[in-house]
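Q: need a structure here:
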Amino acid sequence: MIRNYRREVAVAYLLILPFVLTYGILFLWPTIQMVYLSFTDAPLIGPGSWVGLENYYEMFDDRRFWTAVRNTAYFVALTVIPNTLIGLAIAMMVSRLKGWQQSLILAMFFLPYILPVSVVYRLWNWMFNIQFGILQYPISAIAGENINVFRTQWLFMPAVALVTIWWTCGFNILLFLAGLRSISPDIYEAASLDNANRWTIFRRITWPLIWPVTALVLTIQLILQLKIFDQVYLFVQGGRPDPSMVMVQYIYSLAFQKNQGGYGATVAVALFVIVIVFSVLQFQLLRARGEK
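A: Predicted coordinates:
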C-alpha cells in the first residue's frame, strides 16, 4: 500500500509538472522581474541602477498617473455593471426562444465578440464619422449639429464604453444562458401553479439561482476593464491622449515611447495590485452575498 501511494504521488507530481513549469516561466518569473525592475531606473532594454522606493514616491506625486487611475475607474463604472445587466437581460430573452430562432439570435449577439479590436474600431469610427457616419443623424437630431464624438472630451469615455459593451456582451450572454439552462423547469412550473408573476419568479427564483454566474461575470468584467487599452488607444489617435489616458496606456507610454522601463514597471506593479485586490475582494463579497 505504501508503494502504491508513493507511485500515485509521483504520478500526480509528474502530471502537474508541465503546468507548474509553464506557470513559473510565463507568469511567476516575469512578475518577479517586473517587481525588481520597479526599484530601478532601467530603460526598456538593458540594466539600470537601484533607486529603491524613489519610483513609487514619484508615482504618487505624478499627476498623469492619477489621471490614468481616474479614467480607468470611470471606464470600469461605465462598463462592468451595465455590461452584466445587459447580458443577463438579453440571455433571458434568448432563453425563451427555441430551435433555429434561438441559434440565429444568439449568433447575432455573439458575432461581435469574435471580431478583432481593429475591425471594431473601423466599424464604429465609420459610424461616428462627423461627415458621413450613420450615427450622426440621431446625434444631429438631438444636438442640432454633427459632433465629433471621439474628439469631444466628455463624450469620449461613454462612447468607448458603448463600443466595448457591444463588442464583449456576447460572451456574457453565453455564460448567463448556460446558467439559465441549469435551472430546472419544474421550479418554474411550481411557481406558475402558485400564480407567481414574472417579476416574483425572477426575484425569488431566477436571480438567486443565477447569482454564482452573475458573480463570475462581474469578476471577469472587472479584471478585463481594469486592463482596458486597445479601444482607448485606437480611438484617441489624432487627439490629445493625456485627458483620456488609462493605466495600461500610461504604462505603454512610459516603457515603449519614453524608454522609462523602471518607472513603467512601477505603474504596472500598481495596476497588478489593484487588479488582484479588487477582483478578489469583489468575488468574495459577491460569493458571501450569494451564500446568505
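
Q: nearest spatial neighbour of M245, chain-adjacent residues omitted?
A: Of all residues beyond its chain neighbours, the one nearest M245 is A68 (4.9 Å), with distances taken as C-beta to C-beta, 6 or more residues apart in numbering. Where C-beta positions appear, they are placed from N, C-alpha and C, glycine not excepted.

Q: which SSE is that neighbour in?
A: Here A68, judged by DSSP states H and E, is contained in helix 63-95.

Q: which helices and strands does that helix pack with?
A: Here helix 63-95 is seen to pack against helix 99-110, helix 153-181, helix 211-226, helix 247-252, helix 261-291 when contacts are counted using 3 or more C-beta pairs under 8 Å, 6 or more residues apart in numbering; DSSP states H and E.

Q: and that helix, what's buried?
A: 65, 67-69, 71-73, 75-76, 78-80, 82-84, 87-88, 90-92, 94-95 (16 or more other C-beta atoms under 10 Å).

Q: how near is Q231 to N125?
A: When C-beta to C-beta, to the nearest Å is the yardstick, Q231 and N125 sit 11 Å from each other.

Q: try I147
A: Computed with C-beta to C-beta, the distance linking I147 and N125 is 14 Å.

Q: what comes up buried for stretch 20-39?
A: Within stretch 20-39, judged by 16+ other C-beta under 10 Å, the buried ones are 34, 37-39.

Q: which one of these sits closest to Y188?
A: For the buried residues of stretch 20-39, the closest approach to Y188 (C-beta to C-beta) belongs to M34, at 50.0 Å.

Q: OK, contacts around the spatially closest residue to that closest one that is not a sequence neighbour?
A: Counting by C-beta to C-beta, 6+ apart, A265 is the residue found nearest to M34 once chain neighbours are left out, at 5.0 Å. Shown in contact with A265 (C-beta atoms under 8 Å, 6 or more residues apart in numbering): 34-35, 37-38, 55, 255.

Q: got TSV for the residues you listed, with secondary structure too?
A: Compiled in TSV, the contacts of A265 are given as follows (DSSP: H, G, I helix; E, B strand; the rest coil):
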residue	secondary structure
M34	helix
V35	helix
L37	helix
S38	coil
N55	helix
A255	helix
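
Q: which of those sit farthest apart?
A: V35 and A255 (14.9 Å).

Q: pLDDT weak spots in the stretch 101-250 of the chain?
A: Under the criterion of pLDDT under 70, the regions of the stretch 101-250 of the chain flagged as low confidence span 238-240.

Q: how close does the residue positioned nearest the centre of the chain sit to I173?
A: The centroid of the chain falls nearest to L224 when counting by C-alpha atoms, centre = their mean (2.0 Å). Between L224 and I173 the distance, using C-beta to C-beta, works out to 15 Å.
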